[in-house]
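Next come a sequence and a model predicted from it.
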Amino acid sequence: MAKFVFRRFLWMFLVLFLVSIITFGLMHAVPGGPFSREKPLPAATVALLNAKYHLDEPLHIQYLYYITDIIVPRVTLERTPPSQSENYLIDIDLPDIFGDEARFKWVNFGPTYGSRSRSVNDIFRENLPVSIQLGIAALSLSLAIGLPLGVFTALKRNTFWDYGGMSVAIIGVSVPVIISAPLLQYLFGVQWRLFPVTGWGTPANVVLPAFALGFVNAALIARLTRASLLQVLNEDFIRTARAKGLAERRVISLHALKNSLIPVVTVIGPLAAALLTGTFVVETVFGIPGMGRYFISSIRARDYPVIMGTVLLYAAVLVMANLIVDLLYAWIDPRIRLE
């Protein structure tokens with residue numbers, strides 16, 4: 001397994017490298033620039049800004065500047081004042097043998113063109129935890145609703161409960177978040193005044209956005225769990241377990257459910273990555289200061305460092321989620337070998 005994980009990490013770096021090249025090329029191919037305004041800036045000012053951020057260099061030189069700041073670590077022997085362009089995600093003290101002020105610095109996603117006082121790493125530190133909290137709440141809700149509903153409807157196949165549960169699941173899949181989120185705000189926030197309509201910081205603020213984000217995914221998980229479990233229940237080993245006299249609860253929980261989880265786990269991997277890195281619609285509707293809003297606004301503003309940093313962050317989380325899914329395969333089904 002160690003060899004498998006090591007190979008996957010090597011592939012992860014290759015994937016991130018390719019993603020960075022494609023993203024860098026695409027965002028520079030879009031017409032306009034980070035300093036394009038409805039009221040144009042003076043040409044001299046634009047020239048100075050382009051020179052400051054190396055935007056007047058050829059594209060391959062710009063890419064080398066950017067990728068070098070990310071992958072090449074630095075060791076400083078004296079403390080330097082905080083700087084927008086020298087803000088590192090990893091910044092730790094080194095042992096005294098290197099000096100009293102020695103520090104190890106790594107991963108600098110660069111400054112953001114939209115603010116003189118914040119860097120991309122500052123945005124990650126302040127806003128990414130909010131998106132992660134919302135994503136964990138939404139994913140937990142999706143699993144808490146989707147898995148039991150899928151199992152229940154599979155066991156009650158072709159009954160009223162099956163049709164009712166799948167009808168709810170179809171509604172959840174069909175109604176987009178941009179409709180369900182304002183509807184939840186109106187019912188539970190305006191009419192019944194049970195939860196806050198917008199904001200973040202208290203447990204009550206989490207309920208409505210987590211439900212709006214999680215219910216869609218819960219419906220997907222429920223439908224997938226039902227279909228997979230129905231297929232497993234028709235297998236020979238299930239009939240053998242029942243013929244041996246095992247209790248129905250033990251047959252379902254020990255034999256059927258575990259073997260039906262592989263398609264569900266496959267979907268949960270990228271689903272978790274998407275939820276943990278932020279969702280623009282929910283964060284915008286509920287006024288949540290997460291990563292989703294900054295990503296969309298950075299695209300409109302041609303804020304290249306924020307675009308690159310967010311895409312690379314999402315790609316890294318997605319690759320790690322898929323790695324975890326592959327490891328879970330071997331735990332769910334011992335016949336699967338990773339080596």
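Yes, it's here.

okay but Ile90 is in contact with Val107, surely?
Yes - if you go by Cβ atoms under 8 Å, Ile90 and Val107 touch, sitting 5.5 Å apart. Where C-beta positions appear, they are placed from N, C-alpha and C, glycine not excepted.

neighbour-wise, which of the two wins?
Val107 (17 against 12; other Cβ atoms under 10 Å).

And that one, how far from Leu94?
For Val107, the distance to Leu94 equals 16 Å [Cβ to Cβ, to the nearest Å].

so what's the backbone phi/psi at the residue lying closest to Gly309 once chain neighbours are set aside?
The spatial neighbour of Gly309 that comes closest, neighbours along the chain excluded (Cβ to Cβ, 6 or more residues apart in numbering), is Phe109 at 3.9 Å. For Phe109, the backbone dihedrals (degrees, to the nearest 10) come out as phi -80, psi 0.

On the pLDDT front, check the nearest residue to Leu147 once chain neighbours are set aside for me.
Distances taken as Cβ to Cβ, 6+ apart place Thr225 nearest to Leu147, at 5.7 Å, with adjacent residues excluded. We have a pLDDT of 93 for Thr225.

Which helix or which strand is home to Thr225?
Per DSSP states H and E, Thr225 falls inside helix 203-233.

That helix: which residues count as buried?
For helix 203-233, burial by neighbour count (16 or more other Cβ atoms under 10 Å) applies to 205-226, 228-230, 232-233.

Over to stretch 178-198?
180-181, 184-185, 188-189, 195-197.

same question, stretch 286-301
286, 288, 290-296, 298, 301.

From the chain's centroid, how far away is that stretch?
14 Å (Cα atoms, centre = their mean, to the nearest Å).

Let me see the mean pLDDT of that stretch.
85.

one step back: got the contact list for the residue nearest to Gly309?
By Cβ atoms under 8 Å, 6 or more residues apart in numbering, the contact list for Phe109 reads 69-70, 89, 119-121, 124, 305, 308-309, 312.

10 Å - rerun?
Contact partners of Phe109, counting by Cβ atoms under 10 Å, 6 or more residues apart in numbering, are 66, 69-70, 87-89, 119-124, 305-306, 308-310, 312-313.

Before we move on, what's the pLDDT of it?
For Phe109, the pLDDT comes out at 92.

Kindly report the same for Leu77.
pLDDT at Leu77 comes out at 81.

Run through the neighbouring helices and strands of the helix or strand harbouring Ile324.
Element membership for Ile324 (DSSP H and E) is helix 304-332. If you count contacts as 3 or more Cβ pairs under 10 Å, 6 or more residues apart in numbering; DSSP states H and E, helix 304-332 packs onto helix 2-29, helix 59-71, helix 120-155, helix 257-259, helix 261-276, helix 291-300.

try 6 Å this time
helix 2-29, helix 120-155, helix 261-276, helix 291-300 (3 or more Cβ pairs under 6 Å, 6 or more residues apart in numbering; DSSP states H and E).

Just the C-alphas of the last one, formatted as PDB.
Below are the C-alpha coordinates for helix 291-300, written out as PDB (Å, rounded to 0.1, in the frame of the first residue of the first chain):
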ATOM      1  CA  MET A 291     -14.100  30.800  -1.100                       C
ATOM      2  CA  GLY A 292     -16.800  30.500  -3.700                       C
ATOM      3  CA  ARG A 293     -17.600  34.200  -3.900                       C
ATOM      4  CA  TYR A 294     -13.900  35.200  -4.200                       C
ATOM      5  CA  PHE A 295     -13.300  32.700  -7.000                       C
ATOM      6  CA  ILE A 296     -16.200  34.000  -9.100                       C
ATOM      7  CA  SER A 297     -15.300  37.600  -8.400                       C
ATOM      8  CA  SER A 298     -11.600  37.000  -9.300                       C
ATOM      9  CA  ILE A 299     -12.600  35.600 -12.700                       C
ATOM     10  CA  ARG A 300     -14.600  38.800 -13.400                       C
END
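
I'd assumed Ala274 was in contact with Ala138.
No - using Cβ atoms under 6 Å, Ala138 is not in contact with Ala274; the gap is 9.9 Å.

Let me know whether the residue nearest to Leu147 touches Gly150 as I believe.
Yes - taking Cβ under 6 Å as the definition, Thr225 is a contact partner of Gly150 at 2.6 Å.

Ala138 and Ala274: which is more packed in?
In this view Ala138 and Ala274 are compared by other Cβ under 10 Å, and Ala138 has more residues nearby, 28 against 19.

which residues does that one contact?
210, 213-214, 275 (Cβ atoms under 6 Å, 6 or more residues apart in numbering).
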